[in-house]
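Visitor: structure for this input, please:
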Amino acid sequence: MTRHAKERGSSALEFALLGIPLIFILISVANMALGMMTLHTMQEAVEQGARYAVTHGAGCVSGSNTCSVTVGNIATVISNNAAGIAPGQLNVTLKTNSGATTNCNPVTACTSSGTTWPPSSDNSPGNDIIVTASYTFNPMIAMFWPGGGSDSFSTTNFNAYTRQRLTF
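Guide: Below you'll find the model as predicted:
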C-alpha cells in the first residue's frame with residue numbers, strides 16, 4: 001500500500017486505540033460463552049442425576065434384582081455428566097417431599113456413599129424429589145485484569161434446580 005505525503009499515522013498508536021479494546025471484547029465474548037456453557041452443562045447434569053433417581057425407585061425391578069439407588073450413585077451420575085466443571089467445586093443437595101435433605105458439598109464427598117436414597121418413607125411412585133446444585137464460576141477475564149486473579153476478581157454463582165416425580 002502506498003502512502004501519500006500528507007497521510008501520517010502511527011501503527012502502534014492505532015493498535016493501542018483499536019486493537020486492545022477489540023481483544024478485550026473478544027475475550028469477554030468467549031468468557032460469556034464459557035459461562036453459558038457451564039450453566040447449561042450443570043443444569044443437564046442435575047437433570048440426569050434426578051432422572052436416574054426417579055427411574056430407580058422402590059418399584060423398579062431389573063430381572064430378579066431391585067434397582068435401589070444410593071447417594072453415591074446419584075452423585076456419580078451428576079459428576080460424570082458435568083463435563084468441564086470441577087467436581088470439587090460443585091455442591092449438590094438432594095431433597096424429598098418430606099424434607100429429608102442430603103448435602104454433598106462438594107459432590108465428590110458423596111460419590112462413595114452407600115446410603116440408600118430416597119429414604120424408604122419417600123420412595124414410592126408419585127413422590128417428588130428435588131436436586132439442586134451450585135457452582136462458583138471464575139471468569140477467565142480475571143487473568144488479564146490489572147492486579148487480577150481468581151482471588152481479587154468477582155465470581156458468579158451458578159445454580160441449577162430440578163424437581164421430578166418418582167415413576168417406579
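Visitor: and the pLDDT at F15?
Guide: Listed pLDDT for F15 reads 83.
Visitor: likewise for A5?
Guide: For A5, pLDDT reads 62.
Visitor: what does F24 give?
Guide: Here, the pLDDT recorded for F24 equals 83.
Visitor: what sits up against stretch 98-116?
Guide: For stretch 98-116, contacts defined as Cβ atoms under 8 Å, 6 or more residues apart in numbering pick out 68-72, 74-76, 78-79, 82, 87-95, 117-119, 121-123, 133. Where C-beta positions appear, they are placed from N, C-alpha and C, glycine not excepted.
Visitor: so how far is N157 from the closest residue to P139 other than its chain neighbours?
Guide: Leaving aside its sequence neighbours, P139 sits nearest to N31 (Cβ to Cβ, 6 or more residues apart in numbering; 5.1 Å). Using Cβ to Cβ, to the nearest Å, one gets 16 Å for the distance from N31 to N157.
Visitor: same check, this time on A100
Guide: 25 Å.
Visitor: who has more neighbours out of those two?
Guide: When A100 is set against N157 and neighbours are counted by other Cβ atoms under 10 Å, the residue ahead is A100, at 14 against 8.
Visitor: now that one: phi and psi?
Guide: The phi/psi pair for A100 (degrees, to the nearest 10) reads phi -60, psi 130.
Visitor: flag the shaky bits of this structure, pLDDT-wise.
Guide: Where the chain drops to pLDDT under 70, the residues are 1-5, 7, 62-66, 141-153.
Visitor: how about the strands in it?
Guide: With DSSP state E as the criterion, the chain has strands at 61-62, 65-66, 90-96, 101-104, 128-137, 156-165.
Visitor: deepest-packed of these, please.
Guide: Comparing the strands of the chain by mean neighbour count (mean count of other Cβ atoms under 10 Å), strand 90-96 comes out on top with a mean of 21.
Visitor: please save the CA atoms from stretch 49-59 in CSV.
Guide: The C-alpha trace of stretch 49-59 is given here as CSV (Å, rounded to 0.1, in the frame of the first residue of the first chain):
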residue,chain,number,x,y,z
GLY,A,49,-29.0,-37.3,38.2
ALA,A,50,-32.6,-36.7,39.2
ARG,A,51,-33.8,-38.8,36.2
TYR,A,52,-31.5,-41.6,37.3
ALA,A,53,-33.1,-41.5,40.8
VAL,A,54,-36.7,-41.3,39.7
THR,A,55,-36.4,-44.2,37.4
HIS,A,56,-34.8,-46.5,40.0
GLY,A,57,-37.4,-46.1,42.8
ALA,A,58,-38.8,-48.8,45.1
GLY,A,59,-41.0,-50.3,42.4
